[in-house]
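**Student:** have a look at this prediction, sequence included:
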Amino acid sequence: MNYKNGKDVLPPRLLKELQDYIQGELVYIPKCGKQRALWGEISGSRKLIARRNEEIYHSYCAGNDVEELAESYHLSIDSIRKILTKMRSAKRAASAAVGSHQ
């Protein structure tokens with residue numbers, strides 16, 4: 001998040017109005033609801049985690065146990081189990097959607 005000086009980006013009348021309410025403090029002005037990106041979309045973190053979770057799921061299906069995966073990915077056993085549960089549900093939903101279109 002970049003900070004900008006109000007006098008550089010706001011019209012003088014609006015700046016004066018804001019100064020009546022707050023001076024010398026940091027104020028966050030959120031984007032309009034429709035323009036807001038989901039967590040991790042801009043940085044690419046969302047895709048990286050989705051890819052990692054796919055790897056974990058496929059490794060588990062290939063025979064690696066939960067404890068090995070937790071150690072390999074530096075996650076707790078509970079986190080691995082949650083990932084596996086979520087991935088199983090997503091796979092079931094995807095296969096059910098494909099099956100209903102055939």
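**Tutor:** The structure has been received and is ready for your questions. Values in this document were obtained by computation on a predicted structure and should not be read as measured data.

**Student:** can you tell me the SS state at the most centrally placed residue in the chain?
**Tutor:** Centroid check for the chain by C-alpha atoms, centre = their mean gives residue 39 as the closest residue, at 3.2 Å. Secondary structure for residue 39, judged by DSSP: H, G, I helix; E, B strand; the rest coil, is coil.

**Student:** excluding its backbone neighbours, what's nearest it?
**Tutor:** Distance criterion C-beta to C-beta, 6 or more residues apart in numbering; nearest residue to residue 39, sequence neighbours excluded, is residue 46 at 6.7 Å. The C-beta positions use only the backbone N, C-alpha and C, and glycine is treated the same way.

**Student:** got phi/psi on the one you found?
**Tutor:** Phi and psi for residue 46, reported as degrees, to the nearest 10, are phi -60, psi -40.

**Student:** which strand or helix spans the residue in the chain sticking out farthest from the centre?
**Tutor:** Most distant from the centre of the chain: residue 13, at 37.6 Å, with distances by C-alpha atoms, centre = their mean. Assigned by DSSP states H and E, residue 13 falls within helix 12-21.

**Student:** export that helix as CSV, just CAs?
**Tutor:** Extracted in CSV, the C-alpha atoms of helix 12-21 (Å, rounded to 0.1, in the frame of the first residue of the first chain):
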residue,chain,number,x,y,z
PRO,A,12,-7.9,22.2,-1.9
ARG,A,13,-11.6,22.4,-0.8
LEU,A,14,-11.8,18.7,0.0
LEU,A,15,-8.4,18.8,1.8
LYS,A,16,-9.7,21.7,4.0
GLU,A,17,-12.9,19.7,4.7
LEU,A,18,-10.9,16.7,5.8
GLN,A,19,-8.6,18.8,8.0
ASP,A,20,-11.7,19.8,9.9
TYR,A,21,-12.1,16.1,10.9
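
**Student:** tell me what it is packed against?
**Tutor:** Helix 12-21 sits against helix 6-9, with contacts defined as 3 or more C-beta pairs under 8 Å, 6 or more residues apart in numbering; DSSP states H and E.

**Student:** could I get the helix it packs on in PDB with only the CA atoms?
**Tutor:** Extracted in PDB, the C-alpha atoms of helix 6-9 (Å, rounded to 0.1, in the frame of the first residue of the first chain):
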ATOM      1  CA  GLY A   6      -3.400  14.700   0.700                       C
ATOM      2  CA  LYS A   7      -2.200  18.100  -0.600                       C
ATOM      3  CA  ASP A   8      -0.800  16.300  -3.700                       C
ATOM      4  CA  VAL A   9      -3.900  14.300  -4.600                       C
END
